[in-house]
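please find the sequence and the predicted model below.
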Amino acid sequence: MLYADKDDNEIRLFGEKSIREEAYHKKILQLEKEIANLETLAKGQEHGECVKPQIQPRNLNSLYYESLLSFDKKLKKEQESLEKRATEITERLDLQVQRLIINVENSFRRKTKWVFFIVVALVLPFILFLVYSNIELFSNKLSLHHPSSLSNRVSYIKTALQTQTKYHYQYEVSNINVLDGSYIIEIELNSASNDSWFFRNLSQDVIKVFQKYSSYAPAEISFFHKGKLYIKAYLSGPSKKPYLQFFS
């Protein structure tokens with residue numbers, strides 16, 4: 001009995017046998033049956049008997065191709081179904097990922113706002129307290145009001161000159177008077193020095209503070225030490241520079 005060569009790429013639907021092998025097997029059986037029928041018919045004719053031929057089986061080639069087409073259609077249908085399900089699952093996963101990202105962003109924004117609000121709520125009172133304390137400290141240190149007239153500002157200016165300059169420990173404000181709309185100020189130095197730069201820096205510092213707290217009022221400021229005049233400053237107003245006169 002002859003057998004067809006096996007093809008490893010053929011679909012195995014009957015265990016170890018492929019469709020082609022099974023079809024060959026059935027074809028051989030059919031031929032054997034036809035040969036047997038012909039032998040029986042020949043014997044019957046020899047004995048005068050009329051033997052009725054058996055019904056021929058269906059063509060196996062047609063059955064083979066129909067089986068292949070049916071199987072191919074089932075595979076395509078199953079593949080389309082799987083692809084459709086995979087697409088649906090992918091779309092659902094994408095939606096879930098997008099929702100998760102949006103939820104994370106919203107949560108981060110809410111937390112950031114709360115943290116910012118807490119930080120502001122904690123730090124702002126402290127900053128306001130520091131500012132208020134500095135203002136109070138500065139006000140208490142001066143303990144002054146800004147009077148309107150020249151005479152009423154004398155004590156205000158004297159306190160400023162005695163406390164607000166860098167060299168306030170080097171002198172004392174001995175006298176402040178008002179004459180013809182100008183301040184006459186006498187300052188007693190604690191010590192004398194031959195350093196002209198020292199006197200220049202001290203006098204300029206005093207002039208700067210006086211102009212700030214007197215609103216650039218005209219004045220004449222004299223610097224003494226034990227009755228001896230060392231410097232005299234003439235201030236005529238905000239538009240002109242102070243004039244310094246040094247005495248040896």
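Noted; the coordinates are in hand. Residues are numbered from 1 along each chain as shown.

ok, which stretches of this protein are helices?
Counting by DSSP state H, the chain has helices at residues 19-46, 60-142, 154-163, 196-214.

turn those into CSV, including mean neighbour count and mean pLDDT.
(C-beta placed from N, C-alpha, C; glycine too.) Listed next are the helices of the chain as CSV, based on neighbours: other CB atoms under 10 Å; pLDDT from 0 to 100:
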stretch, mean neighbour count, mean pLDDT
helix 19-46, 14, 73
helix 60-142, 10, 77
helix 154-163, 18, 92
helix 196-214, 17, 90
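
as JSON lines, these with distance to residue 171 would be great.
Compiled in JSON lines, those are given as follows (distance: least, CB to CB, whole Å):
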{"stretch": "helix 19-46", "distance to residue 171": "122"}
{"stretch": "helix 60-142", "distance to residue 171": "18"}
{"stretch": "helix 154-163", "distance to residue 171": "9"}
{"stretch": "helix 196-214", "distance to residue 171": "7"}
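
what is the burial count for residue 174?
12 (other CB atoms under 10 Å).

surely it touches residue 190?
No - contact between residue 174 and residue 190 fails when scored by CB atoms under 8 Å: they sit 11.7 Å apart.

just to revisit the earlier point, between the helices of the chain, which one is nearest to residue 233?
helix 196-214 (5.7 Å; CB to CB).

only alpha carbons, please: show the closest one as PDB.
Extracted in PDB, the C-alpha atoms of helix 196-214 (Å, rounded to 0.1, in the frame of the first residue of the first chain):
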ATOM      1  CA  SER A 196      40.600 116.700  59.900                       C
ATOM      2  CA  TRP A 197      38.900 113.700  58.300                       C
ATOM      3  CA  PHE A 198      37.500 112.700  61.700                       C
ATOM      4  CA  PHE A 199      35.900 116.200  62.100                       C
ATOM      5  CA  ARG A 200      34.700 116.100  58.500                       C
ATOM      6  CA  ASN A 201      33.000 112.700  58.900                       C
ATOM      7  CA  LEU A 202      31.500 113.600  62.200                       C
ATOM      8  CA  SER A 203      30.000 116.900  61.000                       C
ATOM      9  CA  GLN A 204      28.700 115.400  57.800                       C
ATOM     10  CA  ASP A 205      27.000 112.600  59.800                       C
ATOM     11  CA  VAL A 206      25.400 115.200  62.100                       C
ATOM     12  CA  ILE A 207      24.200 117.300  59.200                       C
ATOM     13  CA  LYS A 208      22.700 114.300  57.400                       C
ATOM     14  CA  VAL A 209      20.600 113.400  60.400                       C
ATOM     15  CA  PHE A 210      19.600 117.000  61.100                       C
ATOM     16  CA  GLN A 211      18.400 117.500  57.500                       C
ATOM     17  CA  LYS A 212      16.400 114.200  57.700                       C
ATOM     18  CA  TYR A 213      14.500 115.100  60.900                       C
ATOM     19  CA  SER A 214      14.200 118.900  60.300                       C
END
